[in-house]
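J.: prediction below, plus the sequence it came from.
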Amino acid sequence: MRAGGRAALVVAAAEFRGALAGRLVQGFGVVFALMALAIAAAGLAASGQLVVQGFTRTAVSLLSLALYLLPLVGLVLGAHAFGVEDGGTELLLAQPIARGSVLLGRTAGLAATLVLVAAIGFGLAGMVVVVGAGPAGLAGYLLVAAGSTVVGLTGLAVGVLLGVRARRRLTAVAMALVAWVVLAVLFDFAAIALLQFTGDGEPGPLLLVLLAANPIDGMRALGLVGLGADVLLGPTGAALSKLLGPSGGAVLVGTAMVGWCVVPLALAARAYRRRDF
């Protein structure tokens with residue numbers, strides 16, 4: 001392994017330990033784990049016994065939670081980490097380590113932290129479902145878990161870019177929250193309006209472009225198709241499955257999600273190399 005790669009791994013390990021020790025990650029982790037467990041357990045039935053949903057129903061419910069919470073975790077985590085330099089970064093950059101290795105290492109450590117948060121939440125909920133309802137539908141559940149985690153990583157990539165571009169932590173975090181509102185809330189309203197005025201009411205190329213433009217909506221569609229959209233949503237789900245099926249729509253949306261991870265990090269690396277610390 002080259003020296004730059006070894007340095008990046010050392011930086012990643014240090015960032016991972018520091019992030020886990022922070023209240024931000026601990027708070028998000030506890031909230032996600034508790035909410036995932038609450039979703040997995042349907043609640044107390046009239047008889048007082050705990051009713052546990054199967055994997056498919058749990059995956060559908062967790063998909064909505066994860067696609068709101070994990071991108072928020074990623075955005076805030078990246079912006080918070082890179083939005084301020086407190087002397088430690090200056091000391092780190094004074095060492096014979098390339099700035100690209102520093103950014104890659106720190107981002108990798110944060111990514112590992114986010115993956116751990118997601119794994120704990122989905123893992124605990126999955127264990128409850130296995131014990132209470134058996135393993136039926138596990139494949140779809142794992143698809144939702146993996147896809148939701150990737151969307152969280154896209155949020156992290158955008159958060160890192162915002163943190164690098166901002167000069168203050170407060171500004172970076174505020175920008176991250178605005179980005180989350182736009183992607184998680186406002187984009188849907190704009191997309192519905194656009195489809196209403198320009199579409200014919202059926203899933204088509206325009207919807208495919210909109211799904212590719214927003215990783216949250218893209219993963220929501222892919223997750224529902226993987227869980228059986230034709231059964232869950234009826235004729236609309238069947239049309240969505242066809243749109244993301246053999247025509248290559250799923251490949252386009254998946255490629256766009258990868259782009260949401262790669263492009264912001266490439267831009268962040270360029271800005272990081274030029275930043276005056």
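T.: It's in.

J.: and the most centrally placed residue in the chain, what does it touch?
T.: Geometric centre of the chain, nearest residue: Gly152, 1.4 Å, by C-alpha atoms, centre = their mean. Shown in contact with Gly152 (C-beta atoms under 8 Å, 6 or more residues apart in numbering): Ala66, Leu70, Pro71, Val73, Gly74, Leu114, Ala118. Where you see a C-beta, it was placed from the backbone N, CA and C, and this is true even at glycine.

J.: show only the entries of those residues found in helices.
T.: Assigned to helices by DSSP state H, the following of the contacts of Gly152 qualify: Ala66, Leu70, Pro71, Val73, Gly74, Leu114, Ala118.

J.: now the residues you listed in CSV, with neighbour count?
T.: Shown next, in CSV, are those (neighbours: other C-beta atoms under 10 Å):
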residue, neighbour count
Ala66, 30
Leu70, 28
Pro71, 29
Val73, 27
Gly74, 31
Leu114, 24
Ala118, 26
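
J.: which among those gets closest to Val30?
T.: Distance to Val30, by C-beta to C-beta, is smallest for Val73 among the ones in helices among the contacts of Gly152, at 11.9 Å.

J.: where does the closest one land on pLDDT?
T.: As predicted, Val73 sits at a pLDDT of 95.

J.: okay, now the unreliable bits of the protein?
T.: Counting by pLDDT under 70, the chain contains low-confidence residues at 1-4, 42-53, 84-94, 96, 199-203, 229-236, 246-247, 276-277.

J.: strands along that one, start to end?
T.: 41-44, 50-52 (DSSP state E).

J.: now do Thr255: how many residues are near it, please.
T.: Neighbours of Thr255 under the rule other C-beta atoms under 10 Å: 12.

J.: please tell me how far it sits from Leu208.
T.: Applying C-beta to C-beta, to the nearest Å, the value for Thr255 to Leu208 is 12 Å.

J.: go on, Val225?
T.: For Val225 relative to Leu208 (C-beta to C-beta), the value is 12 Å.

J.: just the contacts of Gly152 now: which is nearest Val11?
T.: Leu114 (16.6 Å).

J.: ok, now how distant is that closest one from Phe32?
T.: 10 Å.

J.: who touches both of the two?
T.: Contact criterion C-beta under 8 Å, 6+ apart; residues shared by Leu114 and Phe32: Leu70, Val73.

J.: if I look at Thr255 and Leu208, which residues touch both of them?
T.: Common contacts of Thr255 and Leu208 (C-beta under 8 Å, 6+ apart): none found.

J.: which residues does Leu138 contact?
T.: Taking C-beta under 8 Å, 6+ apart, we find Leu138 in contact with Phe55, Gly126, Val130.

J.: who wins on neighbours among those?
T.: Ranked by the number of neighbours (other C-beta under 10 Å), those place Phe55 first, at 25 neighbours.

J.: returning to that earlier point: contact partners for the residue nearest to the residue nearest to the centre of the chain when sequence neighbours are not counted?
T.: The shortest distance from Gly152 to any non-neighbouring residue, by C-beta to C-beta, 6 or more residues apart in numbering, is to Leu70 (3.2 Å). Contacts for Leu70 (C-beta under 8 Å, 6+ apart) come out as Phe32, Leu114, Val117, Ala118, Ser148, Thr149, Val151, Gly152, Gly155.

J.: got the buried residues for stretch 23-33?
T.: Buried residues in stretch 23-33, counted by 16 or more other C-beta atoms under 10 Å: Val25, Phe28, Gly29, Phe32, Ala33.
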